[in-house]
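# this is the structure alone, sequence omitted:
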């Protein structure tokens, strides 16, 4: 009898689990209008004299959010309607790439000279506890003056028509950043006390090539913006292979100042748990990150976007994201229940690894999200 009762209990639990992860468990979209209207409002009438302005969308999450096809096509969707105001924040690291829908790369960065002088961050996995904590997505390049000739440097070309904002980390004992070669002068990046740690910004005129180097000591450059005029801008704040636990390690004044300074109108968050061991605390970890964002930019609209069906347990992510969105008055877009994993593979929406979006997949999901946001705008 006891065995029969146990078997029945297991069947009930399995039935509840199956019901919980079926399509219809969460709505396709939730509470979008309140989130998207500030961005669309700025794009239409946020400029001088009530004319068109600049709308900025921040994108944070793991490798699905940082995936070039999704970013590229999301940018293209809004630029096609509102025009481009340039290229938002992008981390300077081993991988630096703005790619537009036509395949062009508007700004190129090259790492040249003595490469031993250049310490570039990884772009996936847990960020460096020593240096990555001072960057919003853990991307950085540290340039070291080791006293030898033929120093390493970062060659930066700023396209005509755009002014660059170079983000750097300032700390006690930082060196002097040179922006040209030979280094006749530079920017002292040091600060007197640890209490003055933070993100600094240097403005660089357009239409010029720069060579970023260490005149003395060690300097750290984190990211670059190229913005000007009116239209849409996407700021890439994502990092591959991690979830909110890694981002919460960097909840400090330095990264907060980046969020504050970008002037975001909307933030899309596409986190899952970084590892299976982090799944149990996912809702709390996501909440801690959202608390940090709310402290850095009070009232910033946020849309939580669940992952596509990479694995069956990502259904939990969709359910929990929706619960967090409802509790906090945020927006939500579901990706998980749009396709089964088999359908994603069959339709070529994912790469051969079965996880990351292909170009076709990035295009489909980006245009789907943009369409849902426009529908909310037009309600």
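Perfect, I can see it now. Given the structure is predicted, the values throughout are model-derived calculations rather than measurements.

# hmm, who's touching stretch 345-360?
The contact list for stretch 345-360 (C-beta atoms under 8 Å, 6 or more residues apart in numbering) reads 63-64, 67, 69-70, 308, 310, 339, 341, 343-344, 361, 364-365. (Glycine included, C-beta is placed from N, CA and C.)

# of these, closest to residue 234?
Nearest to residue 234, judged by C-beta to C-beta, of the contacts of stretch 345-360 is residue 70 at 10.4 Å.

# now do the one helix or strand that closest one maps to, average pLDDT.
Assigned by DSSP states H and E, residue 70 belongs to helix 68-82. Computed over helix 68-82, the mean pLDDT rounds to 91.

# equivalent analysis for stretch 135-151, please.
So the average pLDDT for stretch 135-151 ends up being 89.

# residue 264 and residue 299 touch, don't they?
No: Residue 264 is not in contact with residue 299 according to C-beta atoms under 8 Å; the separation is 10.9 Å.

# look at those two and report which has more neighbours.
Applying other C-beta atoms under 10 Å to residue 264 and residue 299 shows that residue 264 carries more neighbours, namely 25 against 6.

# now that one, what's its secondary structure?
Secondary structure, DSSP: H, G, I helix; E, B strand; the rest coil: residue 264 is coil.

# contacts for stretch 321-340 next, please.
By C-beta under 8 Å, 6+ apart, the list of residues contacting stretch 321-340 reads 23-32, 34-36, 283, 286-287, 290, 301-309, 314-315, 317-318, 347, 349, 365, 368-369, 372.

# go again using 6 Å as the cut-off
23, 26, 28-32, 35, 286, 302-309, 314-315, 318, 369, 372 (C-beta atoms under 6 Å, 6 or more residues apart in numbering).

# list the buried residues in it.
321-322, 324-325, 330-339 (16 or more other C-beta atoms under 10 Å).

# for those residues, give me TSV that also has secondary structure, distance to residue 157 and pLDDT.
As requested, those are arranged in TSV below (DSSP: H, G, I helix; E, B strand; the rest coil; distance: C-beta to C-beta, whole Å; pLDDT from 0 to 100):
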residue	secondary structure	distance to residue 157	pLDDT
321	helix	40	96
322	helix	44	97
324	helix	42	97
325	helix	41	98
330	coil	39	98
331	strand	37	98
332	strand	40	98
333	strand	36	98
334	coil	41	97
335	coil	36	96
336	helix	41	95
337	helix	44	95
338	helix	40	96
339	coil	40	95
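
# tell me which two in those residues are the farthest apart.
Using C-beta to C-beta, the two most remote members of the buried residues of stretch 321-340 are 330 and 339, lying 24.0 Å apart.

# quick one, helices of the chain?
Secondary structure of the chain (DSSP state H): helices located at 2-20, 33-45, 63-66, 68-82, 244-248, 253-262, 282-296, 314-328, 341-346, 359-378.

# mean pLDDT lowest for which of the ones you listed?
Across the helices of the chain, helix 2-20 has the smallest mean pLDDT, namely a mean of 38.

# got the domain ranges for the protein?
Annotated domains of the chain cover 23-85+230-379, 90-228 [automatic domain parsing].

# show me where the stretch 51-200 of the chain has strands.
54-61, 86-91, 109-112, 118-120, 141-144, 153-158, 163-170, 176-178, 187-188, 198-204 (DSSP state E, counting those that start in this stretch).

# and of these, who's closest to residue 216?
Of the strands of the stretch 51-200 of the chain, nearest to residue 216 by C-beta to C-beta is strand 176-178, at 4.9 Å.

# list the buried residues for the closest one?
176-178.

# to residue 130, which of the helices of the chain lies closest?
Proximity to residue 130 (C-beta to C-beta) singles out helix 253-262 among the helices of the chain, at 13.5 Å.

# what's near enough to touch the closest residue in space to residue 84 that isn't next to it in sequence?
Excluding the flanking residues, the one nearest residue 84 by C-beta to C-beta, 6 or more residues apart in numbering is residue 231, at 4.7 Å. Neighbour list for residue 231: 82-85 [criterion: C-beta under 6 Å, 6+ apart].

# same thing but at 10 Å, please
Shown in contact with residue 231 (C-beta atoms under 10 Å, 6 or more residues apart in numbering): 43, 47, 52-55, 78-79, 81-86.

# also residue 162?
Contacts of residue 162 (C-beta under 10 Å, 6+ apart): 85-87, 106-107, 204-207, 225-229.

# can you do 6 Å?
Here residue 162 is in contact with 86, 206, 226, 228 (criterion: C-beta under 6 Å, 6+ apart).

# how many other residues sit next to the last one?
Translated: residue 228. For residue 228, using other C-beta under 10 Å, the count is 18.

# how close does the nearest residue to residue 158 once chain neighbours are set aside get to residue 151?
Residue nearest to residue 158 in three dimensions, not counting chain neighbours: residue 164, with 4.5 Å by C-beta to C-beta, 6+ apart. Distance, residue 164 to residue 151, by C-beta to C-beta, to the nearest Å: 21 Å.
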